[in-house]
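Asks: Whatever this is, show me its structure:
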Amino acid sequence: MYTNTNAAYFQKFAIGAEVGGVEPWYGKIPEFIAYNNNLTAAQMIKENTYLAIKYGTTLGQGGTNPNIFANDGLYNYQNTSGTVIWDATANSGFKYNIAGIAKDRIEGLEQKISKSSNGVPDIVTISLDNDFTSANNDPVRTTSFSNDLSSLVWGTDNAAFTFTQTYNTSLNFRMVRKWKMQKTNFTNPVYFNFTNSNIANSTPYYLIANSTSANTGWTQTASATSNAAGNTITFGPVSLGTNNSYYFSISNNSSTPLPIELLNFQAVLDEKTVNVLWETASEINNDYFTVERSVDGVNFVTIGIIPSKASGGNSTSVLSYTINDDNVSSGIYYYRLKQTDFNGKYTYSNIDAVEIKENSDFSFNIVPNPNNGAEFNLVIVAEKHQKIVIVINDILGQQLYSKVISTEQEGNTTYILDLIQKLNSGVYFITATSDQKVYVKRMIVN
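Replies: Now for the predicted structure:
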């Protein structure tokens, strides 16, 4: 699309070259559209969308130039009603090889089959019919759109075509590359066609879908209806459901045995220590386990490595493991188990969490007070295993006594201070400090 406010440009059409310029175009021009007025930016978006859908070209999806006429701008795709049918921001991770099928009666657009025609074409074609050879306007295409202003637009993350990404608990592999589709008023079932050299003729394939782009949560939605020569597979008809956006990819049926069968994994709080426990029902080629801890559930650190108890890494008996983590204080901690094979491959367990609450407040009293400086006790009310530092200072601030007390039980405990010598008559200050509180009490010695 080209537009200019200079009237001279409307007096001299130069198809395939800038008027008066030196930018000749030697390629094919499939369509030429002339207007009797200069288009607004809003109109340009709609016309660019029409051309992009019709010819499988990708509009700019991440440039910094805000000019709608610039090729590197950030383009939403919009139909003639102004509805965004491809959100460039929300779909920014899938900005490559964008294509779509759509019907927009006002523009005369009825694109029933599409594939990205960019310099490096994508491997997927989507069609209303189980026909991937006939032209879009061929009369043999008898399936019509159920609704006007309906569209199905998709883009890819441009990842690899290899089948090396596991996506379920059976460790089936999917293609690393995935696609995202955005539906607008679209209710037709569709057919998928994939062509790539990594697609073997003898392997069963599945179309898989997900509501997110995560590596987990994928489900098989269709089996390949054909697996013809030429590294091509076809799926369909596939109903797309009610969600406005989906992620899809393809999976083969190859899988690898689970390296371990994990019976349980849990983190258990034992007073101020976290015991991490797990059991395996079987192990195959298992080298070692790594126990990891996190304070946010995202960033993990290693707290210990435990070798496999299985002879040679292989076992069909129940094996139990444990590791203690005492480098913790109050807060919530997340734990996970990483299992590593002898060949370096690894898998993760689910995450378990424990919460360590702050120590409760404590209190203490001097009994009796006043006293004779030799026969007095401290009565402390605290939780079990709470550490409290006791310090005695005279009125001048000189420290006369210091000791760390670890409470042996919850509740009241009486402690006899092991003073080296009797305190002289006067005023003293006893300070009791925990990791949460500091208390100071005055003691009078007669």
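Asks: buried residues in the helix or strand containing Ala42?
Replies: Using DSSP states H and E, Ala42 maps to helix 41-55. Residues of helix 41-55 classed as buried: 43-54 (neighbour count, 16 or more other Cβ atoms under 10 Å). For every residue, glycine as well, the C-beta is placed using N, CA and C.
Asks: Over to stretch 430-438?
Replies: 430, 432, 434.
Asks: ok, these vs Asn118, which is closest?
Replies: Closest approach between the buried residues of stretch 430-438 and Asn118, by Cβ to Cβ: Ser434, at 66.4 Å.
Asks: Spell out the secondary structure type for the residue lying closest to that closest one once chain neighbours are set aside.
Replies: Closest residue in space to Ser434, ignoring its immediate chain neighbours: Ile388 at 5.2 Å, by Cβ to Cβ, 6 or more residues apart in numbering. Here Ile388 is strand, with the state taken from DSSP: H, G, I helix; E, B strand; the rest coil.
Asks: Can we start the residue count at 363 from this point?
Replies: Will do, 363 is the new start, and the previous item becomes Ile750.
Asks: Test my guess that Ile750 contacts Ser764.
Replies: No: contact between Ile750 and Ser764 fails when scored by Cβ atoms under 8 Å: they sit 11.8 Å apart.
Asks: Show me which of these two is the more surrounded one.
Replies: More crowded of Ile750 and Ser764, by other Cβ atoms under 10 Å: Ile750, with 22 against 11.
Asks: Spatially central residue for the chain, please.
Replies: Centroid check for the chain by Cα atoms, centre = their mean gives Ala576 as the closest residue, at 5.4 Å.
Asks: circling back: can you pull the contacts of the residue nearest to Ser796?
Replies: Going by Cβ atoms under 8 Å, 6 or more residues apart in numbering, Ile750 touches 724, 726, 742, 744, 766-769, 794-796.
Asks: Do a quick rundown of the strands in the stretch 663-808 of the chain.
Replies: 681-687, 693-703, 708-710, 714-718, 725-729, 739-744, 749-756, 761-768, 773-778, 788-795, 800-807 (DSSP state E, counting those that start in this stretch).
Asks: Specify the beta-bridge partners of Lys803.
Replies: Applying DSSP bridges to Lys803 gives these bridge partners: Ile792.
Asks: Just give me the neighbour total for it.
Replies: Lys803, neighbours per other Cβ under 10 Å, totals 14.
Asks: Contact partners for it?
Replies: Here Lys803 is in contact with 726-728, 731, 791-792, 794 (Cβ under 8 Å, 6+ apart).
Asks: What subset of those residues is buried?
Replies: 726, 728, 792, 794.
Asks: Would you mind confirming that Ser559 makes contact with Phe525?
Replies: No: Ser559 lies out of contact with Phe525 (Cβ under 8 Å); the separation is 11.9 Å.
Asks: neighbour count winner among the two?
Replies: Neighbours were tallied for Ser559 and for Phe525 using other Cβ under 10 Å; the higher tally belongs to Phe525 (21 against 9).
Asks: So the more buried one versus Arg503, what's the distance?
Replies: Note on Phe525: its distance to Arg503, by Cβ to Cβ, to the nearest Å, is 32 Å.
Asks: related to what we said a few turns ago, how close does the residue nearest to Ser796 sit to Ser512?
Replies: Per Cβ to Cβ, Ile750 is found 72 Å from Ser512.
Asks: next one: Asp687
Replies: Asp687 sits 56 Å away from Ser512, going by Cβ to Cβ.
Asks: Ok, Ser725 next?
Replies: Distance from Ser725 to Ser512, counting by Cβ to Cβ: 72 Å.
Asks: For the residue nearest to Ser796, give me the pLDDT.
Replies: Ile750 carries a pLDDT value of 88.
Asks: likewise Arg536?
Replies: In this prediction, Arg536 carries a pLDDT score of 83.
Asks: Ser575 now?
Replies: pLDDT, Ser575: 87.
Asks: Spatially nearest residue to it, not counting backbone neighbours?
Replies: Tyr609 (5.2 Å).
Asks: is it fair to say that neighbour lies in a strand?
Replies: Yes: counting by three-state DSSP, Tyr609 falls inside a strand.
Asks: Is it bridged to anything, and to what?
Replies: Going by DSSP bridges, Tyr609 forms beta bridges with Lys542, Asn572.
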